[in-house]
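J.: got a structure for you, letters missing:
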């Protein structure tokens, strides 16, 4: 991707991200967040991460934000009443969280095996990776090694393979957590016919 | 500035542009008008009416004796007459609406519907050595490895158009339509996504051109009648595939807001649903978005389950696709096959619309969550279990 496009999408992501906090109309905020997600997805695409980029749009922009919008509309939230009053505590907390995240990212990315390489020198070595997959023997999935040797990055397949072999246990823990969350939501929102709490 | 443009492949850029303009604006958009005509004529046939059969080029206005009917078929100009009517009507914006979102909503319906064209393989390859291109041109705008996911991702943005139209209109019937449709589309998106996971498992692939090439050589997914398709494994896996196809088609009807799932419009209850307050070209954009989504949905169903551009019994007829060695006439024939199949599927869409009554909203939600979702999930499991004994190579 040409650098020009990177700056364009970075600007879209950050600009609309800023608009989420600044905008007074809650619908504008929600939609700005959706556009910001789309910009972020484009940045993922520029890193050859097509699968993650597409999921970003599918899950966040396409499903989660629609639910947000749905709730905003159902509750009929109008524009914020208190114009001009700045909430200093909220701003300070926001800056602190952003700073912590920046430090965390910097620390983690400094320790990655390829962290010294730039994007230009760390070109994808697909052929070698394909040969390495083939050498795995019984663990080799032909669909992955064939793709790599043909010069295309099978990112979805590689991710699936990693998730369901190396991180299979973690995945199941996350799945269980989601199940507990779902059951909890149903239990909380299901109104008891007899002793219903006043709402 | 020159350095930025120096590493851009000009041939690639021009070929891509031609494909985008050619497929999106010269094929899918005109198909919308074809669909409108087909819808009107076919519904007339179903209901034992005559339908629009008179509209031609109106030469009588200029003093000639007869209007011209193209190919001798009356009514072919009905769609053009509809279009002219849309353009000439007053473009009215009510006073109480939220103007920005009121204008944004129709665009947000049409743009995602047309963007989803990008990953559909509308043909195999075109050998353009006549024009001096060494490599054959792939007849797909973007050859992505995550094709169907991209389509779903962009299509899921289409719900914003309907929701915003309902909200920005500041009127109760559009609002009800918008709320209903967002609930409906989110619910059926889950079944739609889950229903094609078994398909990906069988192909071991999410790249639509590769999926179509496989079907060309080894039989269509739900009609495995040649090549490796005649093996026992493919016919055992045919059972989950046909379940997938049914769930996919039903969910596609719900996603495109077509009858029997058109609760977003639902004129008997909600006047016109989310587009009650819209007139003129803004309404026409909603209309176009709905039909474009229907065409792309048909295209995706055809590509995944019915072999896409593949000609039936191609290897037996010697018309099968060979990468890099496909003559130009075969490439063009593949494109024609694709559009013929899509038109056939659209006729099926129309047939269903004029045959079945509308669901009630609670029935729709119950059906989506208590049957479609479970069936799609169980189908994934069934396919996985069957593939232990009958793996597809």
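T.: Thanks, I have the structure now. Everything numeric here is computed off the predicted structure, so don't read it as measured data.

J.: switch to C-alpha atoms for all contacts and neighbour counts from now on
T.: Fine.

J.: and for residue B:99, the neighbour number?
T.: Neighbouring residues of residue B:99 were enumerated by other CA atoms under 10 Å in any protein chain shown; the total is 13.

J.: check it and give its pLDDT.
T.: At residue B:99, the pLDDT value in this model is 83.

J.: what number of residues lie near the residue of chain A found nearest chain B?
T.: Nearest to chain B, among the residues of chain A, is residue A:58, at 4.0 Å (CA to the nearest CA). A count of nearby residues for residue A:58, using other CA under 10 Å, gives 23.

J.: same check on residue B:357?
T.: There are 11 residues near residue B:357, going by other CA under 10 Å.

J.: next structured bit after the longest helix along chain A?
T.: What stands out as the longest helix in chain A, according to DSSP state H, is helix A:88-111. The first helix or strand that comes after helix A:88-111 along the chain, using DSSP states H and E, is helix A:126-134.

J.: the next helix or strand along the chain from that next one near chain B anywhere?
T.: Counting by DSSP H and E, the next helix or strand C-terminal to helix A:126-134 is helix A:142-149. Yes. Contact between helix A:142-149 and chain B, assessed by CA under 8 Å from any CA of the partner chain, occurs at residue A:143.

J.: pull the residues that contact helix A:142-149.
T.: With contacts defined as CA atoms under 8 Å, 6 or more residues apart in numbering or on different chains, helix A:142-149 is touched by A:126-127, A:129-131, A:133-134, A:153-154, A:157-158, B:204-205.

J.: of those - the most surrounded one?
T.: Taking other CA under 10 Å as the neighbour criterion, residue A:154 ranks highest of those with 24 neighbours.

J.: of the contacts of helix A:142-149, closest to residue B:166?
T.: residue B:205 (38.6 Å; CA to CA).

J.: in space, what's closest to the closest one - neighbours in sequence excluded?
T.: residue B:211 (6.8 Å; CA to CA, 6 or more residues apart in numbering or on different chains).

J.: tell me the secondary structure at that neighbour.
T.: Secondary structure state of residue B:211, per DSSP: H, G, I helix; E, B strand; the rest coil, is helix.

J.: what number of residues lie near it?
T.: Neighbour tally, residue B:211, other CA under 10 Å: 24.

J.: rewinding a little: mind putting the contacts of helix A:142-149 in a markdown table, distance to residue A:32 and pLDDT included?
T.: Converted to a markdown table, the contacts of helix A:142-149 look like this (distance: CA to CA, whole Å; pLDDT from 0 to 100):
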| residue | distance to residue A:32 | pLDDT |
| --- | --- | --- |
| A:126 | 37 | 76 |
| A:127 | 41 | 78 |
| A:129 | 40 | 77 |
| A:130 | 41 | 77 |
| A:131 | 44 | 78 |
| A:133 | 42 | 77 |
| A:134 | 45 | 77 |
| A:153 | 32 | 77 |
| A:154 | 32 | 80 |
| A:157 | 32 | 81 |
| A:158 | 32 | 82 |
| B:204 | 37 | 81 |
| B:205 | 34 | 80 |
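
J.: just the residues you listed now: which is nearest residue A:107?
T.: Nearest member of the contacts of helix A:142-149 to residue A:107, counting by CA to CA, is residue A:158, at 25.4 Å.

J.: where's that closest one, which helix or strand?
T.: helix A:155-165.

J.: what angle sits between that helix and helix A:142-149?
T.: 140 degrees (axes from the mean of the first three to the mean of the last three CA atoms, to 10 degrees).

J.: neighbouring contacts of helix A:155-165?
T.: With contact meaning CA under 8 Å, 6+ apart, helix A:155-165 is reached by A:49, A:50, A:51, A:144, A:171, B:146.

J.: adding neighbour count, pLDDT and secondary structure, write the residues you listed out as CSV.
T.: Output for the contacts of helix A:155-165, formatted as CSV (neighbours: other CA atoms under 10 Å in any protein chain shown; pLDDT from 0 to 100; DSSP: H, G, I helix; E, B strand; the rest coil):
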residue, neighbour count, pLDDT, secondary structure
A:49, 17, 83, coil
A:50, 25, 86, helix
A:51, 22, 87, helix
A:144, 24, 77, helix
A:171, 14, 92, helix
B:146, 21, 83, coil
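
J.: could I get the full set of strands for the stretch 51-200 of chain B?
T.: B:125-126, B:137-138 (DSSP state E, counting those that start in this stretch).

J.: do the last one and chain A meet?
T.: No. No part of strand B:137-138 sits close enough to chain A to count as contact by CA under 8 Å from any CA; the gap is at least 15.7 Å.

J.: residues in contact with that strand: which ones?
T.: B:15, B:123, B:124, B:125, B:126, B:127, B:128.

J.: give me every residue in chain A lying close to chain B.
T.: Contact residues (CA under 8 Å from any CA) of chain A with chain B: A:2, A:4, A:50-51, A:54-55, A:57-59, A:61-63, A:66, A:70, A:73-74, A:143, A:154, A:156.

J.: next, count neighbours for residue B:48.
T.: Neighbour tally, residue B:48, other CA under 10 Å: 9.

J.: tell me the SS of it?
T.: Secondary structure of residue B:48, per three-state DSSP, is coil.

J.: what's near enough to touch the residue lying closest to residue B:98 once chain neighbours are set aside?
T.: In space, and not counting its chain neighbours, residue B:98 is closest to residue B:168: 5.0 Å by CA to CA, 6+ apart. Counting by CA under 8 Å, 6+ apart, residue B:168 makes contact with B:97, B:98, B:99, B:101, B:102.

J.: distance check, residue B:168 against residue B:278.
T.: To residue B:278, residue B:168 is 11 Å away according to CA to CA, to the nearest Å.

J.: make TSV out of the contacts of helix A:142-149 and add distance to residue B:307.
T.: Output for these, formatted as TSV (distance: CA to CA, whole Å):
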residue	distance to residue B:307
A:126	30
A:127	31
A:129	32
A:130	29
A:131	32
A:133	31
A:134	30
A:153	25
A:154	23
A:157	23
A:158	27
B:204	16
B:205	15
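
J.: for chain A, which residues score under the pLDDT cut-off?
T.: Counting by pLDDT under 70, chain A has low-confidence residues at A:1-2, A:77-85, A:114-115, A:118-124, A:192-199.

J.: mind running it again at 80?
T.: Within chain A, the segments meeting pLDDT under 80 span A:1-3, A:48, A:74-87, A:110-153, A:155, A:191-199.

J.: please name the nearest non-neighbouring residue to the residue positioned nearest the centre of it.
T.: By CA atoms, centre = their mean, the mean C-alpha position of chain A lies nearest to residue A:56, the distance being 5.3 Å. Nearest-residue entry for residue A:56: residue A:41, 5.8 Å, with adjacent residues in sequence omitted and distances by CA to CA, 6+ apart.

J.: could you give the number of residues near the one you found?
T.: There are 25 residues near residue A:41, going by other CA under 10 Å.

J.: give me the element it is part of.
T.: Element membership for residue A:41 (DSSP H and E) is helix A:26-46.
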